[in-house]
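> got a predicted structure here, sequence first:
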Amino acid sequence: MTVAVWTLGELLFMPTLTTMISLRAPEGSQGRYQSLLSLAFGLGFVAGPALGARVYERFGGSALWLGTAALSAAVAAVFLVTGKRSAMGPEAEA
């Protein structure tokens, strides 16, 4: 059941994310922005497990999850601040 919920979340999330990236990118730079998105995901897949294991080993599970929650809250705050400005793409900012 967990995998089904996780997969459903990815099915809903990824098309929305790539659309938002394309709308945010300046005309003619959509490919560059999409490649940076792919790079960020790739780095996360490579560095995430190693960094998470290191934090878990050194500080314990509570520190790992509290750190994840704090980082998620910080990213959400940045999205809230910048999201309204970019909700309709770069032409809405002009």
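On my side now, so go ahead.
> next, Val5: phi, psi?
phi -70, psi -40 (degrees, to the nearest 10).
> that one: neighbouring residues, count only.
9 (other C-beta atoms under 10 Å). For every residue, glycine as well, the C-beta is placed using N, CA and C.
> cool, Gln34 as well?
So Gln34, with other C-beta under 10 Å, has 14 neighbours.
> list the single closest residue to it in space, sequence neighbours excluded.
Ile21 (6.0 Å; C-beta to C-beta, 6 or more residues apart in numbering).
> check which helix or strand covers that neighbour.
In the assignment (DSSP states H and E), Ile21 maps to helix 2-24.
> average pLDDT for that helix, rounded please.
Helix 2-24 shows an average pLDDT of 88 in the prediction.
> in the helix or strand just after that helix, which residues are buried?
The first helix or strand that comes after helix 2-24 along the chain, using DSSP H and E, is helix 30-59. Neighbour counts using 16 or more other C-beta atoms under 10 Å place Tyr33, Leu37, Val55 of helix 30-59 among the buried residues.
> one step back: the helix holding Ile21 vs helix 30-59, what angle?
On the basis of axes from the mean of the first three to the mean of the last three C-alpha atoms, to 10 degrees, helix 2-24 is oriented at 140 degrees to helix 30-59.
> how far does helix 2-24 sit from its chain's centre?
In terms of C-alpha atoms, centre = their mean, to the nearest Å, the centre of helix 2-24 is found 10 Å from the chain centre.
> what residues sit buried inside that helix?
Met20, Leu23, Arg24.
> of those residues, which is the nearest to Ala69?
Checking the buried residues of helix 2-24 against Ala69 by C-beta to C-beta gives Met20 as the nearest, at 23.2 Å.
> any idea how far Thr82 is from that closest one?
In this view, Met20 and Thr82 are 11 Å apart by C-beta to C-beta, to the nearest Å.
> go on, Gln30?
Counting by C-beta to C-beta, the gap from Gln30 to Thr82 is 18 Å.
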